[in-house]
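K.L.:
Have a look at this prediction, sequence included:
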Amino acid sequence: MLPPGDVPFRVEGANAQVITVNIAPGQKVVSEPGAMLFMHPQVEVKAECAPGACQRCCCLQESCFQLIYNTEANTEGAYVGMTPSFPAKVVAMDLPQVGEMVIKNGAYMGHIGDVDLGLNCDCCSKTCCCGGLGCVRQNIGGSGTAFIAAGGTIMEKELADHEEIKIDPDSLVGYSKSMNFTIEFAGCCGCCCGGEGFYAVLKGPGKVFMQSMSFESYALAVNPPPPPKSGGGE
């Protein structure tokens, strides 16, 4: 089912979700390469270099290109459907409401309206090595809506001033750039025997998005590592 003309987008599906975005005359939809599933026959597509293309490619392993979908001024009812690159849900982040966000590498899939894609460096060796976001982190801001891919059940939590939460680093999707982000060691027993290593610790105020099934966990479930070889054999 396509969204009615007065609705900018609609998310459908239970797990491997699809987002259908209306394209008004004179407007555009931006997506990562490979996200498009279907589109109106009169939608025009072109590729452009993404903001900070070289840095995105070298530091984030993201594509250095973006796809731009738009229509002619007299075209009505145009649309484009997009879906994540793995079985995931689509989170629509209204940036004027949530503010500037730091998001997990690979989570961004597209946007409508004015969205700024940026990068910043995490110079803390502890958080960049163990925080799950790397030393170069992706920022999104602006007045538009960004579409983010996240797996499993999506949790959204608003933290009050000085309120803290501990999160598995792989489960962290994004958080308000204004929040304080640190790492806490789970302890020797937690690390060696409990399957934990480090916790991502976020302190409010701000908003945080979490996922119950990260891409890393999904890939491990689909293709588990081979069992260790037993000794004594040839």
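P.N.:
It's in.
K.L.:
Next, the buried residues of the strand or helix carrying Val21.
P.N.:
Val21 is part of strand 18-23 when elements are defined by DSSP states H and E. By 16 or more other CB atoms under 10 Å, the buried positions in strand 18-23 come out as Ile19, Thr20, Val21, Asn22, Ile23. For every residue, glycine as well, the C-beta is placed using N, CA and C.
K.L.:
what would those look like in a markdown table with distance to Arg137?
P.N.:
Below are the buried residues of strand 18-23 laid out as a markdown table (distance: CB to CB, whole Å):
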| residue | distance to Arg137 |
| --- | --- |
| Ile19 | 24 |
| Thr20 | 30 |
| Val21 | 26 |
| Asn22 | 31 |
| Ile23 | 30 |
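K.L.:
what sits against the residue nearest the centre of the chain?
P.N.:
Centroid-nearest residue in the chain, with CA atoms, centre = their mean: Ala107, separated by 2.0 Å. Ala107 makes contacts with Gln138, Ile148, Ala149, Ala150, Val173, Gly174, as judged by CB atoms under 8 Å, 6 or more residues apart in numbering.
K.L.:
ok, these vs Pro33, which is closest?
P.N.:
The nearest member of the contacts of Ala107 to Pro33, counting by CB to CB, is Ala149 at 13.8 Å.
K.L.:
which helices and strands sit right next to the strand or helix carrying that closest one?
P.N.:
Element membership of Ala149, judged by DSSP H and E, is strand 145-150. For strand 145-150, the packing partners by 3 or more CB pairs under 8 Å, 6 or more residues apart in numbering; DSSP states H and E come out as strand 89-94, strand 108-112, strand 172-176, strand 206-211.
K.L.:
Cheers, nothing more for now.
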